[in-house]
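Participant: curious how this folds, go ahead:
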Amino acid sequence: MTQPVVPGESYGRDDKCAGISAEIRSAIGQQNFEHWFTNRSRFEISGNILQIFVPNPFISNWLVKRFRSQFNKAAVALLGPSGSFELAVDETLQHKTSDSDSGSASKPAPPQLTTGAGQTISANIPTKIAGDVSGVQTLAVRPTNRRRFNNFTSVVTGECNDLAVMAAKQVAEFPGQRFNPLYIHGPTGVGKTHLLEAIYTEVRRNQNGLNVMYLSSEAFTNYFTQALDAKTVPSFRQRFRNVDVLLVDNIEFLDNKRATQEEFLHTVVQVIENGGQLVVSGDRHPRLLTKHREELTTRFMSGLVCRIETPAEDTRQRITAALALPMKDSFSRETLDYVARRCRKNVREIQGALNCLHGHFTLSGKRITVTRAREILGDMERECRKLVRISDVEKVVCDAFGLTTTDMRSKSRRKAVSCPRALAMYVARKLTKSAYREIGMYFGGRDHSTVVAAEKRVLAWITKDSPIELPTSCRGRTVADVIHEIEERLLSLAS
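Facilitator: You can find the predicted model right below:
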């Protein structure tokens with residue numbers, strides 16, 4: 001494996017091109033390289049893209065179909081995990097091929113088509129032209145795993161992430177000089193990966209002479225184990241220890257991986273001591289990485305540790321508005337506020353809710369109102385819940401009122417028993433959708449009319465906003481509040 005090429009520099013057919021040629025030759029084999037590339041191609045590195053120029057569209061299409069994975073492998077070996085390849089057509093290579101080849105036997109003939117009248121004609125392969133410079137046409141060929149990185153313009157700030165965003169911008173502007181290492185942690189879906197991608201994009205844009213590498217700790221582990229198997233650890237170390245900015249996501253993946261942790265520790269030390277910048281993200285504070293080496297966690301804490309909290313409602317409203325911009329005609333403003341209030345856990349939950357509502361808008365063509373959004377998201381939530389059983393309702397109600405299951409199923413008509421029993425029947429009917437007869441049989445062999453009467457009784461209490469008068473911890477609270485708390489407990493048990 002060759003030494004990584006520095007992104008941002010362009011290489012023509014000179015001595016510097018030898019390393020690129022060697023990597024491609026290694027990926028596709030000596031015979032294939034001589035047949036398809038010798039005297040009929042050239043290579044360039046532009047940013048994180050390995051550009052392969054060939055004489056005509058036929059060869060380009062054929063090479064993509066046959067060697068896509070090999071070109072991806074060569075690009076990653078040359079440029080790191082974010083490397084990709086691009087096949088382009090340079091018609092000037094056709095003339096070089098004609099001059100260098102003694103005959104046309106080794107040159108592939110253009111494809112031919114036979115018409116219904118028996119005529120044979122040359123097929124014109126359509127080419128997407130990205131620019132017409134010196135007869136060079138670029139095909140829009142990208143590997144399927146190409147990643148699009150976020151930037152700082154799409155980051156929504158608030159009290160939950162102010163410190164982390166400020167630190168990320170400082171690191172992007174002065175890599176290796178401010179907050180080194182920078183460790184960002186927080187629950188899932190709050191924007192840790194977004195900030196790492198934004199740093200990557202900003203450094204690549206403003207300081208393209210630096211070697212920037214972004215990857216997850218899982219990818220680092222995979223590269224390391226592959227290097228061990230292939231006995232190419234020196235090349236692995238050459239690639240990862242000579243970067244200027246190293247961004248590693250989801251560091252918790254290294255839990256209990258002692259050998260990988262040791263290799264990562266040496267990589268971290270080498271990068272920082274050589275003036276490079278390290279940025280790491282994780283789901284918890286370095287002190288809580290109890291399955292990591294102490295030398296590694298203390299290294300993380302030697303820089304700046306930033307926590308990203310779950311966004312508050314005002315921040316969620318701005319996040320929702322930003323995410324809804326491409327779907328601006330789908331929702332009313334009140335609907336967006338409802339989504340922001342309802343989705344409290346993380347940004348992914350907001351994105352999922354907006355996508356669901358936009359899907360319904362696309363199907364119906366009707367703008368999503370708050371009422372409609374409540375129905376759609378409520379149905380989706382109910383479909384995701386686990387089954388609530390009558391026994392679960394009985395247990396939660398017994399805990400709330402200090403009763404036993406024997407009390408609930410007894411024939412007693414005392415208020416201290418009959419009222420909680422009525423509440424249990426009401427909640428069981430609402431959450432389990434069981435038949436009246438089934439609920440009555442469970443609570444002491446009662447008939448369906450008893451359950452119907454209990455349901456009407458509880459609905460009357462809710463309408464009158466009646467307080468609970470029983471001598472329990474619920475005393476003084478309204479029936480509606482107690483029922484809401486019982487339902488919350490049941491849903492937390494079922495989720």
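
Participant: when you work out contacts or count neighbours from here on, use the C-alpha atoms and nothing else.
Facilitator: Will do.

Participant: Arg307 bridge partners, please.
Facilitator: Beta bridges link Arg307 to His185, judged by DSSP bridges.

Participant: tell me the confidence at it?
Facilitator: For Arg307, the model assigns a pLDDT of 94.

Participant: what residues are up against it?
Facilitator: Residues in contact with Arg307 (C-alpha atoms under 8 Å, 6 or more residues apart in numbering) are Asn161, Ala164, Ile184, His185, Gly186, His285.

Participant: pick the one among the residues you listed closest to Gly440.
Facilitator: Gly186 (47.5 Å; C-alpha to C-alpha).

Participant: for stretch 226-236, C-alpha coordinates in CSV please.
Facilitator: Provided in CSV are the C-alpha atoms of stretch 226-236 (Å, rounded to 0.1, in the frame of the first residue of the first chain):
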residue,chain,number,x,y,z
GLN,A,226,-7.3,-5.6,8.3
ALA,A,227,-3.8,-4.3,8.7
LEU,A,228,-3.0,-7.0,11.3
ASP,A,229,-4.4,-9.7,9.0
ALA,A,230,-2.6,-8.4,5.9
LYS,A,231,0.6,-7.7,7.9
THR,A,232,0.6,-4.1,6.8
VAL,A,233,0.6,-2.3,10.1
PRO,A,234,3.4,0.1,9.1
SER,A,235,1.4,1.3,6.2
PHE,A,236,-1.7,1.7,8.5
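
Participant: buried ones in it, by neighbour count?
Facilitator: Ala227, Val233, Phe236 (16 or more other C-alpha atoms under 10 Å).

Participant: got the contact list for the nearest residue to Leu336 once chain neighbours are set aside?
Facilitator: What sits nearest to Leu336 in space, not counting adjacent residues and going by C-alpha to C-alpha, 6 or more residues apart in numbering, is Thr320, at 6.4 Å. For Thr320, the contact set (C-alpha under 8 Å, 6+ apart) comprises Leu336, Asp337, Val339, Ala340, Ile350, Gln351.

Participant: which SSE is the third one in?
Facilitator: Per DSSP states H and E: Val339 is located in helix 333-342.

Participant: helices or strands up against that helix?
Facilitator: helix 313-323, helix 347-364, helix 370-384 (3 or more C-alpha pairs under 8 Å, 6 or more residues apart in numbering; DSSP states H and E).

Participant: next, the angle from the second one to helix 313-323.
Facilitator: Just to be clear, that refers to helix 347-364. Per axes from the mean of the first three to the mean of the last three C-alpha atoms, to 10 degrees, the angle that helix 347-364 makes with helix 313-323 is 50 degrees.

Participant: surely Ser412 meets Ser418?
Facilitator: Yes - between Ser412 and Ser418 there is a contact at 7.2 Å, judged by C-alpha atoms under 8 Å.

Participant: any idea which of the helices and strands packed on helix 333-342 is most buried?
Facilitator: helix 313-323 (a mean of 19; mean count of other C-alpha atoms under 10 Å).

Participant: and that one, how far out from the chain's middle?
Facilitator: 19 Å (C-alpha atoms, centre = their mean, to the nearest Å).

Participant: can I get it in CSV, CA atoms only?
Facilitator: Extracted in CSV, the C-alpha atoms of helix 313-323 (Å, rounded to 0.1, in the frame of the first residue of the first chain):
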residue,chain,number,x,y,z
GLU,A,313,-38.4,23.9,23.4
ASP,A,314,-37.3,27.2,21.8
THR,A,315,-34.3,25.5,20.2
ARG,A,316,-36.5,22.6,19.0
GLN,A,317,-38.8,25.1,17.4
ARG,A,318,-35.9,26.6,15.4
ILE,A,319,-34.6,23.1,14.5
THR,A,320,-38.0,22.1,13.3
ALA,A,321,-38.4,25.3,11.2
ALA,A,322,-34.9,24.6,9.7
LEU,A,323,-35.7,21.0,8.9
